[in-house]
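> Next comes the sequence, and after it the predicted model I'd like to discuss.
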Amino acid sequence: MSQARSLKRLESLLETFIEQVVATKEERLSVLRGLNRLDDLTRESDQGLDITESIGEWFAEHNRWLNEPQLRAGDVSRIAPMLVRIRESLDNRGEQSAASMKIRSEISRWEPRAQAARQKLVLKRGSETAEPKPEPQAKPEVKATVEQEPDEDSIARLDNVLERMHQIFKGVAHGRKHVLSALDSALRSATVQRQKEALLLSGFIIYYLKQNGYKVEPYVKRLKEAERLIREEA
Amino acid sequence: MLSPHEKAYCQALLALRQKEYAKAETYFGQAAEHFEDNREFMILWETTRVLLAVKRELAGLPQEERDKIDIEEAFSRG
């Protein structure tokens, strides 16, 4: 067989392999496409663009997920914060049109599903965090820096940041075997992409590890470097 | 929100579905930092790279040789 024919056969073989792998993931790909599209819309909404029509189309195409089993708990816990951000953008712009009211109502249809997913996530994480939680130590520090004036938005803002940190954590922990590898990835995201939530997440993980007796000095150095880069860029 | 790496992996898979292999390879590259330990990711990425290399080799062949293969393929499939 000539080299050319061998190459042609190999090409055909590789294409068939990829085609078949993709075919087995068809259902998952449809979910990923929907998640990716919603992510694009959330970013556009954050930038103040009018997404009324596009998000309407997204709901028209994807609301069937509410009644079908193909969504994983992790998918719902990703969709929910994006919808919350879209609703916040509408609120911030003071949108009161019929279309925006319809979007709010569609978003609220997802809330029970999101709550159920959150409960499932808490149960999953229970066995991982049997060690002492860092929160009790963190509280007095927070109290010391909180201003006395009421600011309910600060709660919502922190809630959003925590949600985003959780998403980043799931990304950096995916496929890893130790939290140190996740921390390494989070620090890389903070340094390379100047991602503030990744920086906060890294700080949290470092504190968590320190509380559990790990040596964290090298990571603290990298955290400081990432903090400096982010501050410079801001 | 999806991380840029997750978004890139997702777009790579969607590009593969559209048979846009060069585009998929670019997206795999963007996602690699966070998925290098994921076996499925690596298999798909490497396969795509090999496929693109094969396509480049084929494209480098003289036109008449490529035509000959196409004719032979057409005959062998009846």
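That came in fine, so what should we check first? Numbers count the residues shown, from 1 in each chain, chains lettered A, B, ... in the order given.
> which parts of chain B sit against chain A?
Counting by Cβ under 8 Å from any Cβ of the partner chain, chain B comes close to chain A at B:1-7, B:10-11, B:13-14, B:16-17, B:19, B:21, B:33-35, B:37-38, B:44, B:47-48, B:50-51, B:54-55, B:57-58, B:61, B:65-66, B:68-69, B:72-73. C-betas here are computed from N, CA, C, even on glycine.
> Tell me the buried residues within these.
Among the residues of chain B next to chain A, those scoring as buried are B:1-7, B:10-11, B:13-14, B:16-17, B:21, B:34-35, B:38, B:44, B:47-48, B:51, B:54-55, B:58, B:61, B:69 (criterion: 16 or more other Cβ atoms under 10 Å in any protein chain shown).
> Which residue would you name as the spatial centre of chain A?
A:Q167 (2.6 Å; Cα atoms, centre = their mean).
> Helix or strand for it, just tell me which one.
Per DSSP states H and E, A:Q167 falls inside helix A:152-173.
> Give me the contact list for the helix or strand that that helix is followed by.
Next along the chain after helix A:152-173, taking DSSP H and E as the criterion, comes helix A:179-192. In this structure, residues lying in contact with helix A:179-192 by Cβ atoms under 8 Å, 6 or more residues apart in numbering or on different chains are A:168-169, A:171-173, A:176, A:195-196, A:198-199, A:201-202, A:205-206, A:208-209, A:214, A:219, A:222-223, A:225-227, A:229-230, B:3, B:33-34, B:37.
> how big is the angle separating helix A:179-192 from helix A:152-173?
110 degrees (axes from the mean of the first three to the mean of the last three Cα atoms, to 10 degrees).
> quick one: average pLDDT of helix A:179-192?
Averaged over helix A:179-192, pLDDT sits at 88.
> and if you look at stretch A:206-219?
87.
> now the helices for chain B?
Assignment of helices within chain B using DSSP state H yields the ranges B:4-17, B:21-35, B:39-59, B:63-76.
> Would you reformat these as JSON lines and include mean pLDDT?
What follows is these, written out as JSON lines (pLDDT from 0 to 100):
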{"stretch": "helix B:4-17", "mean pLDDT": "92"}
{"stretch": "helix B:21-35", "mean pLDDT": "94"}
{"stretch": "helix B:39-59", "mean pLDDT": "95"}
{"stretch": "helix B:63-76", "mean pLDDT": "66"}
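> so what's A:M165 closest to, chain neighbours aside?
Closest residue to A:M165 apart from its sequence neighbours, by Cβ to Cβ, 6 or more residues apart in numbering or on different chains: A:L201 at 4.5 Å.
> residues in contact with the helix or strand encompassing the one you found?
Using DSSP H and E, A:L201 sits in helix A:196-211. Residues outside helix A:196-211 that contact it (Cβ under 8 Å, 6+ apart) are A:132, A:134, A:137-138, A:161, A:164-165, A:168-169, A:172, A:179-180, A:182-183, A:186-187, A:189-190, A:216, A:219-220, A:222-223, A:226-227, A:230.
> Buried ones only from these, please, as a PyMOL command.
In PyMOL syntax, the buried subset of the contacts of helix A:196-211 is picked out as below (16+ other Cβ under 10 Å):
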select buried, chain A and resi 134+164+165+168+169+172+179+182+183+186+187+189+190+216+219+222+223+226+227+230
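> in chain A, which helix or strand is least confident?
Taking mean pLDDT, DSSP states H and E as the measure, chain A has helix A:135-145 as its least confident helix or strand, at a mean of 45.
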